[in-house]
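Visitor: turn this into a model:
(chains A and B)
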Amino acid sequence: MKHLRVCGCAGSVLATLLVVLILSCSAHGAAAPPDLSGIYWATQYNAKIQIVGGGELPLTAAGKAAYDKNVAGLKDGSVIDTARRYCVPDGLPRVLATPYPFEIVQGPPGQITIIYELNHEVRVIKMDQPMPSEKELISFPFYNGHSVGHFEGDTLVVESAGFNDKTFIDATGAPHTDEMRTVERIRKISPSQLEIVITVHDPQYHTRDWQARFVYNQRNDVRLEDYLCGEEHRDISSVRGVRRP
Amino acid sequence: MFKSASNGNHRRIPFSKLWLGTFAGFLLAFSAWAMNALASAQAPKKDAIPELASSRFAWLAAGADWLDPPAGLRGPIKNDSDHPFHGNLDGPGQVTLRIGNYKDPVLKPWAAAQMRVSNEEVLSGKRGLPFSAQSRCYPGGVPGQLLFPAEPFYFIQTPKQVWMIWQRDHMVRRVYLTNKHSDKVTPSWFGESIGHYENGDTLVIDTIGLSTKNSYIDNYRTPHTEKLHVVERLKLSADGKMLEAMVTVDDPDTFNEPLHMVQRWRKADNPLLETVCAEDNFDYFHQNLFPLPEAKKPDF
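Guide: Residues are numbered from 1 along each chain as shown, chains lettered A, B, ... in the order given. Predicted structure coming up:
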């Protein structure tokens, strides 16, 4: 009897450990995504997009013509930078250059939400879902596009399509078409730094896919503020490259 | 007991008995887990939080005017009885504009005077439509933002924070789930909101630090001062399909007593879309609309 009691007890302990292990695996196992949530703030701002590998944007003839038109129009006032003047969303990839902080929220369930202080832009990233149909993308073009995401190891991969063609690639007026598609690879490169590498695919205006890289500091000491066009906003003089006009 | 297991006498435990013990242990552990799960399902409701957030549903407002609170409580500002309000959804008849009752005795003289001026601007035809934050791309403030109809709003809930995101112009309010306001709060459109859950079905939000320029507590352009203190009690119905806010507005420099106002939403199966207020938002009918927010000089 004593044998049974002893081994029963040992077995119980063993089994309990196993169950605990199984349960905790199912809750926090390989499927658990890395925690990217938090507030991030760039330390560098570039009006002109800096492409990986250096050099100029690889524009097609049509892309070059559109760029020249935007640059001339911004100068003579026939083209308005509506993102700065009326605070409509910046769109991708321009919003990634924001000199204001933004926050990544891993929620609600099945979604990651990126909220920018600048123009209180909100990006909805639907996780592990297919991209909406072409019909839907064409019918409802968004400034910031439609985004779906998934995790590859420690990296959040966000694919976006269904953009309108009202936004610029950057503050100099570099153009894109409404057929642009982007892939962002978002990951922590240190406990306090976030990296986003965006690949832009837009064959009408760009001769090849190209990439741009953005790095942000995690700033959970900061709270995002309200932002309204034409009002005084947060001091962003600490961000290199920012020039108050 | 563990000690005795290591005694030489008891070292040889029959294998079959070990398995029996393991199986019994499994049963024990499993039943403990199952009981635990059952217990948490039946846990006192007060420990639960209302499920307000989803990527699949949102909350659509019942209308753009405050509803009356239960009898006995001082309710919202209404329209001027000399200028009855007839909205688009009020059936046949000439649609009229909202002319607030500046004669309401709850108003301090300065607030009554300001509302009267706003009314005159509309009645004289100087402005074809009165200022409406949401149609002119201004934040609705607190509690005014709750009155936005036609497009739904969304929640995100995390253990430390709640976000309220309106599809319309992607306006964002943040509620910090803490019990203390900051020592120094710089006035802003949505102020500083702190909150907590009650009774498993209610989110209570306490807001201070609300700026006053173009900020109104309703669509009658009822103003407020920076002393405004708003408590919103957002209660989810038992079936989870309706959300009701009981809002208390306290501002001793504007109102002679606190106002109590109600808003309701129904659950709508909409994912969050992008609606950009300033996109092609022109004064098509030459109504001298309130100008949109505009940065004469770019911000950076």
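Visitor: B:Asn214 reaches B:Cys137, doesn't it?
Guide: No - assessed by CB atoms under 8 Å, B:Asn214 is found out of contact with B:Cys137, at 10.9 Å. For every residue, glycine as well, the C-beta is placed using N, CA and C.
Visitor: out of those two, which sits in the busier spot?
Guide: Ranked by neighbour count (other CB atoms under 10 Å in any protein chain shown), B:Asn214 and B:Cys137 place B:Cys137 first, with 24 against 17.
Visitor: any idea how far the more buried one lies from A:Leu118?
Guide: Shown here: B:Cys137 relative to A:Leu118, a distance of 15 Å by CB to CB, to the nearest Å.
Visitor: got it, and B:Arg168?
Guide: From B:Arg168 to A:Leu118 the distance is 18 Å (CB to CB).
Visitor: in chain A, which spans are helices?
Guide: A:2-28, A:61-76, A:82-85, A:134-139 (DSSP state H).
Visitor: equivalent analysis for chain B, please.
Guide: If DSSP H is used as the criterion, the helices of chain B fall at B:2-5, B:15-41, B:109-123.
Visitor: is it correct that B:Leu147 is in contact with B:Thr222?
Guide: No - using CB under 8 Å, B:Leu147 is not in contact with B:Thr222, being 11.4 Å away.
Visitor: higher neighbour count, these two?
Guide: The residue with more neighbours, out of B:Leu147 and B:Thr222, is B:Thr222; 28 against 22, by other CB under 10 Å.
Visitor: can you pull the contacts of the more buried one?
Guide: Taking CB atoms under 8 Å, 6 or more residues apart in numbering or on different chains as the criterion, B:Thr222 is in contact with B:Ile77, B:Gly100, B:Leu107, B:Ala111, B:Met115, B:Tyr216, B:Thr254.
Visitor: show me what from the stretch 101-250 of chain B comes close to chain A.
Guide: B:137-139, B:154-158, B:163, B:165, B:169-172, B:174, B:188-190 (CB under 8 Å from any CB of the partner chain).
Visitor: closest one to A:Tyr67 out of the contacts of B:Thr222, please.
Guide: B:Tyr216 (43.8 Å; CB to CB).
Visitor: how far away is the closest one from A:Gly230?
Guide: The spacing between B:Tyr216 and A:Gly230, counted by CB to CB, is 19 Å.
Visitor: who has more neighbours, the two?
Guide: Between B:Tyr216 and A:Gly230, B:Tyr216 has the larger neighbour count (other CB under 10 Å), namely 25 against 16.
Visitor: does that one touch B:Pro143 like I think?
Guide: No - B:Tyr216 is beyond contact range of B:Pro143, at 10.0 Å (criterion: CB under 8 Å).
Visitor: for the chain, what are the low-confidence residue spans?
Guide: I went with chain A, as the question did not name one. Along chain A, segments meeting pLDDT under 70 span A:1-31, A:245.
Visitor: oops, I was thinking of chain B
Guide: Residue ranges of chain B with pLDDT under 70: B:1-46.
Visitor: how does it look with 50?
Guide: Along chain B, segments meeting pLDDT under 50 span B:1-15, B:18, B:39-41, B:43-44.
Visitor: any chance you could map the strands in it?
Guide: For chain B, applying DSSP state E gives strands covering B:58-61, B:153-157, B:161-166, B:171-176, B:192-198, B:202-208, B:229-236, B:242-250, B:259-268.
Visitor: any chance of these in a markdown table, plus mean neighbour count and distance to A:Val88?
Guide: Formatted as a markdown table, the strands of chain B follow (neighbours: other CB atoms under 10 Å in any protein chain shown; distance: least, CB to CB, whole Å):
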| stretch | mean neighbour count | distance to A:Val88 |
| --- | --- | --- |
| strand B:58-61 | 22 | 22 |
| strand B:153-157 | 23 | 20 |
| strand B:161-166 | 23 | 16 |
| strand B:171-176 | 22 | 14 |
| strand B:192-198 | 18 | 26 |
| strand B:202-208 | 20 | 28 |
| strand B:229-236 | 20 | 29 |
| strand B:242-250 | 19 | 30 |
| strand B:259-268 | 20 | 25 |
